[in-house]
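Peer 1: Based on what follows, work out the 3D shape:
(one chain, ligands or ions: 1)
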Amino acid sequence: VAIARRAGPAGSLQIVGLGPGASTQRTPQASTAVRQAEVVVGLDAYIEQSSDLLGPSQEVRRFPIGAEVERARVALDLAADGRRVALVCSGDAGVYAMASPTFELLEEDRGRRYGDVEVSVVPGVTASLAAAALLGAPLGHDFLTVSLSDLLTPWDLIEARLQAAAETDLVVVIYNPRSRARTWQLEGADTPVGIVGDAARDGQRVVVTTLGQLDCTAVNMTTCVVIGSSTTRVEGGRMVTPRGYAT
Ligand SMILES: C[S@@+](CC[C@H](N)C(=O)[O-])C[C@H]1O[C@@H](n2cnc3c(N)ncnc32)[C@H](O)[C@@H]1O
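Peer 2: Numbering: from 1, shown residues only. This next block holds a predicted model:
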């Protein structure tokens, strides 16, 4: 029995950053990519986040949390079969998200199956920027980000990076913090800290505190933690890291 494969050129895959939550913080390019896709692939939560863009003719492939490589493979397979695919992520598509596993699969494939698929990345507003906007201007000077997720990175390495980060005196934004934000109590007690939960989503929370008074129960997987540098100040409830104009 011959199985007919779809004829014609390979399709396309756009890896789309939807922004932190609200549609007002989604870029027009991201909205267009989702609207024009034949198939939309993503975690349940991110399919919900795109629901205002989806029409009845579109196929939707929902995934539970985890399974990043499987999600990327399904998206690439659909595109290799000639479909126009959008793989949706929260925030930015390249920041702790689906762009890198997709490119890793492409590298592994060496052009055998996915060589003709047109792959592109559509950027989005990442959580650190959404959180910073709610806190004031904590990222006004140099900063770095660290993810505390130890699913793929050994905790020893994460701890070493945190230690090194603490020594740089840069502002540090922590993604995937869970209750491990506690690690930062090794820093100065007066250092300002902003905790932003569910930025631009229902249930948004913003807390400005200090490392000494950090309540780790306010920190979970839907929060971003912004830890100031030695120059970060709190003015009228806003965190500000000066660029130096006033001096
Ligand atoms: C797997 S990472 C995905 C990051 C995403 N690609 C981005 O650019 O924002 C998930 C982590 O991002 C942070 N995060 C994502 N969306 C957020 C939001 N709306 N408010 C606060 N933190 C958020 C949390 O730290 C969460 O644990």
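Peer 1: what's the spacing between stretch 195-203 and its chain's center?
Peer 2: Centroid displacement of stretch 195-203 relative to its chain, using C-alpha atoms, centre = their mean, to the nearest Å, is 14 Å.
Peer 1: Restricting to C-alpha, output that stretch in PDB.
Peer 2: Provided in PDB are the C-alpha atoms of stretch 195-203 (Å, rounded to 0.1, in the frame of the first residue of the first chain):
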ATOM      1  CA  ILE A 195       8.800  40.700  43.200                       C
ATOM      2  CA  VAL A 196       6.400  40.700  40.300                       C
ATOM      3  CA  GLY A 197       3.900  37.900  40.000                       C
ATOM      4  CA  ASP A 198       1.800  37.300  36.900                       C
ATOM      5  CA  ALA A 199       2.800  40.500  35.200                       C
ATOM      6  CA  ALA A 200       0.100  41.700  32.700                       C
ATOM      7  CA  ARG A 201      -2.100  38.800  33.700                       C
ATOM      8  CA  ASP A 202      -5.100  38.400  36.000                       C
ATOM      9  CA  GLY A 203      -3.800  38.400  39.600                       C
END
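Peer 1: what's the closest non-adjacent residue to whichever residue of the chain sits closest to the ligand?
Peer 2: Residue nearest to the ligand within the chain: G91 (2.0 Å; C-beta to the nearest ligand atom). Yep, even glycine has a C-beta here, placed from its N, CA and C like the rest. Once flanking residues are discounted, G91 sits nearest to T126: 4.3 Å by C-beta to C-beta, 6 or more residues apart in numbering.
Peer 1: That neighbour: neighbour count?
Peer 2: Counted with other C-beta atoms under 10 Å, residues neighbouring T126 total 24.
Peer 1: my read: it touches C89, true?
Peer 2: No - using C-beta atoms under 8 Å as the test, T126 is too far from C89 to be in contact (10.2 Å).
Peer 1: so what's the backbone phi/psi at the residue nearest in space to the middle of the chain?
Peer 2: The centroid of the chain falls nearest to G91 when counting by C-alpha atoms, centre = their mean (4.3 Å). Backbone geometry at G91, expressed as degrees, to the nearest 10, gives phi 60, psi -130.
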